[in-house]
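Visitor: Could you work out the structure for the sequence below:
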Amino acid sequence: MKSELMSVIDQIGREKGIEKEKVLAALESALLTAAKKRFGQGDNIQVDIDTDTGEISIVSKKTISENVVDAKTEISLEEARKIDDEAEMGDEIGSLIDMDDFGRIAAQAAKQVICQKVREAEWESIEREFSKKEGELVHGVILGQERRNYLVDIGKTEALLPVQEQIPREAHRRGDRVRALLLEVRRTPKDVQVILSRAHPHFVVKLFGLEVPEISEKIVEIKGVVREPGDRTKISVASRDKAVDPVGACVGVKGSRVQAIVRELRGEKIDIIPWTEDPRVFIGEALNPASIEKVGIDEQKKSALVVVADSQLSLAIGKNGQNVRLAAKLTGWKIDIISSTEYEKEKLERDQEIKTALAEETANMAEDTSVGEGNVQQPAEEAIGESKLETTEEPVPEDSPSSVKDLHESS
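Guide: The predicted structure follows:
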């Protein structure tokens, strides 16, 4: 019987991933609770379990007293000497309690305490193990769905794939194998919840780390990633080795590497963008797959004006503004896009405004000069006519300034 108890304790420890010492501590606590429930709430009860033999001893310690007031904590000298012949007044003596005397209620209390303590130890073990894996990929099997949230078996525990962390329009059935990002280990008063995600941008980063050896070897570095799950992801990459093309490494031979990730994401589009320190070039690349003609930036406002061909305007903006929205998140710049026709029209309007301003300024200068000479009075109409003639002789700037500073063609 004793060896059987230790075998059960060892089995519980293996199945639940709990240390043997914690199971023994839970058992001691349960027996102590049951003993106090049956024999009193004093601190005079002590439980010991021999870890080698599994022998359990429950001892009730009592003080030898001449006048016994509380039989639960005190014992007469006569009764004490029946246990120990050398007992003296004032000594503390222990008497064994038979576990058969616990009764049904005390046994139920012990069972509840054991179960609770084992659960708590199991939660601590799960929290300790899976907290180290936060931000890593895990594999699991779909157990079922509860309120649109999937329950996933990931080994020692069941994880939760909430609806907000699922890829839109993606469905799983019981028994399907699934791969996800371990997003968070959350401790609650009732249990420990392991939260998974397939919608988080870092999920794509981890998938690229699996498929692209250059990333795991830290030759290629992922600089940034933005995502609208189920639709499109933009990821910027850079190489620490000039001989390695970061985009080519991520795409793979005939697109084999990136296609494996696209299949995992159920057809989600992925734009792989070479990272550069030049914001003009980076913004132009971030608007892929659209072709860019010019990019102008205002560094103080951190805003950019992008000019594209008329045929590329809708592609650059994307469906419901998705492409430009993701590009703005990836680069950290506010991006405005206009067509080349609109840009030329605004440019002509600015040129006309400049010509008008120059004409007015020349007329004012001529008028001020005639007033300053004093002796020579010219008619106003003649002075204006001369100023107009002078204005037409001055060269007109070929390019008018853009509404955004430093407008240049995108490389």
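
Visitor: mind listing the helices for the stretch 251-400 of the chain?
Guide: For the stretch 251-400 of the chain, applying DSSP state H, counting those that start in this stretch gives helices covering 256-264, 279-286, 313-317, 322-331, 340-373, 380-393.

Visitor: Quick check, Val244 in contact with Glu214.
Guide: Yes - with contacts counted by Cβ atoms under 8 Å, Val244 reaches Glu214, the gap being 6.2 Å. (Each C-beta comes from the backbone N, C-alpha and C, glycine too.)

Visitor: Look at those two and report which has more neighbours.
Guide: Taking neighbours as other Cβ atoms under 10 Å, Val244 and Glu214 compare with Glu214 leading, 21 against 12.

Visitor: element containing the more buried one?
Guide: Using DSSP states H and E, the element containing Glu214 is helix 213-216.

Visitor: how about that helix: buried residues?
Guide: Buried residues in helix 213-216, counted by 16 or more other Cβ atoms under 10 Å: 214-215.

Visitor: Extract the CA atoms of it and return them as CSV.
Guide: Extracted in CSV, the C-alpha atoms of helix 213-216 (Å, rounded to 0.1, in the frame of the first residue of the first chain):
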residue,chain,number,x,y,z
PRO,A,213,17.7,30.4,-43.8
GLU,A,214,19.4,33.7,-44.3
ILE,A,215,17.0,35.3,-41.8
SER,A,216,17.7,32.6,-39.1
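
Visitor: and it, what does it pack onto?
Guide: Packing partners of helix 213-216 (3 or more Cβ pairs under 8 Å, 6 or more residues apart in numbering; DSSP states H and E): helix 201-211, strand 220-228, helix 246-251.

Visitor: circling back: overlap in contacts, Val244 and Glu214.
Guide: Both Val244 and Glu214 are contacted by Val220, under the criterion Cβ atoms under 8 Å, 6 or more residues apart in numbering.

Visitor: thinking again about what came up before, with mean neighbour count, mean pLDDT and distance to Glu127 as extra columns, can I get the helices and strands packed on helix 213-216 in TSV?
Guide: Below are the helices and strands packed on helix 213-216 laid out as TSV (neighbours: other Cβ atoms under 10 Å; pLDDT from 0 to 100; distance: least, Cβ to Cβ, whole Å):
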stretch	mean neighbour count	mean pLDDT	distance to Glu127
helix 201-211	19	96	21
strand 220-228	19	96	29
helix 246-251	20	95	35
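
Visitor: Make JSON lines from those and add distance to Ile97 to it.
Guide: Below are those laid out as JSON lines (distance: least, Cβ to Cβ, whole Å):
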{"stretch": "helix 201-211", "distance to Ile97": "57"}
{"stretch": "strand 220-228", "distance to Ile97": "64"}
{"stretch": "helix 246-251", "distance to Ile97": "70"}
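
Visitor: give me every residue that touches Asp336.
Guide: The neighbourhood of Asp336, defined by Cβ under 8 Å, 6+ apart, consists of 303-306, 404.

Visitor: Highest neighbour count among the residues you listed?
Guide: Val306 (28 neighbours).

Visitor: Once you drop chain neighbours, what's closest to that one?
Guide: Setting aside the residues directly before and after it, Val306 is nearest to Ile337 in space (Cβ to Cβ, 6 or more residues apart in numbering), at 4.8 Å.

Visitor: What's the local residue count around that neighbour?
Guide: Counted by other Cβ under 10 Å, the residues lying close to Ile337 total 22.

Visitor: swap in the one 5 residues further on?
Guide: A total of 13 residues lie near Glu342 under the criterion other Cβ under 10 Å.

Visitor: Tell me which of the helices and strands packed on helix 213-216 approaches Thr33 most closely.
Guide: helix 201-211 (45.2 Å; Cβ to Cβ).

Visitor: Show me what counts as buried in stretch 142-151.
Guide: Buried, per 16+ other Cβ under 10 Å, within stretch 142-151: 142, 149-151.

Visitor: can you tell me which of those lies nearest to Ala159?
Guide: Leu151 (7.6 Å).

Visitor: which secondary structure elements does the helix or strand where the closest one lies contact?
Guide: Secondary structure assignment for Leu151, by DSSP H and E: strand 149-153. Counting contacts by 3+ Cβ pairs under 8 Å, 6+ apart, strand 149-153 packs against strand 137-146, strand 158-161, strand 177-187.

Visitor: what angle sits between that strand and strand 137-146?
Guide: Orientation note: strand 149-153 sits at an angle of 130 degrees relative to strand 137-146 (axes from the mean of the first three to the mean of the last three Cα atoms, to 10 degrees).

Visitor: Straight-line length of stretch 225-240, end to end?
Guide: Terminal residues of stretch 225-240 lie 18 Å apart, using Cα to Cα, to the nearest Å.

Visitor: and it, which residues are buried?
Guide: Buried, per 16+ other Cβ under 10 Å, within stretch 225-240: 225-239.

Visitor: ok so, going back, could you dump the contacts of Asp336 to JSON lines with distance to Asn288 and pLDDT?
Guide: Shown next, in JSON lines, are these (distance: Cβ to Cβ, whole Å; pLDDT from 0 to 100):
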{"residue": "Ser303", "distance to Asn288": "20", "pLDDT": "94"}
{"residue": "Ala304", "distance to Asn288": "15", "pLDDT": "94"}
{"residue": "Leu305", "distance to Asn288": "18", "pLDDT": "92"}
{"residue": "Val306", "distance to Asn288": "12", "pLDDT": "93"}
{"residue": "Val404", "distance to Asn288": "21", "pLDDT": "46"}
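
Visitor: In strands, which of the residues you listed appear?
Guide: Of the contacts of Asp336, the ones assigned to strands by DSSP state E are 303-306.

Visitor: Now flag whichever of those is closest to Glu79.
Guide: Closest approach between the ones in strands among the contacts of Asp336 and Glu79, by Cβ to Cβ: Ser303, at 92.7 Å.
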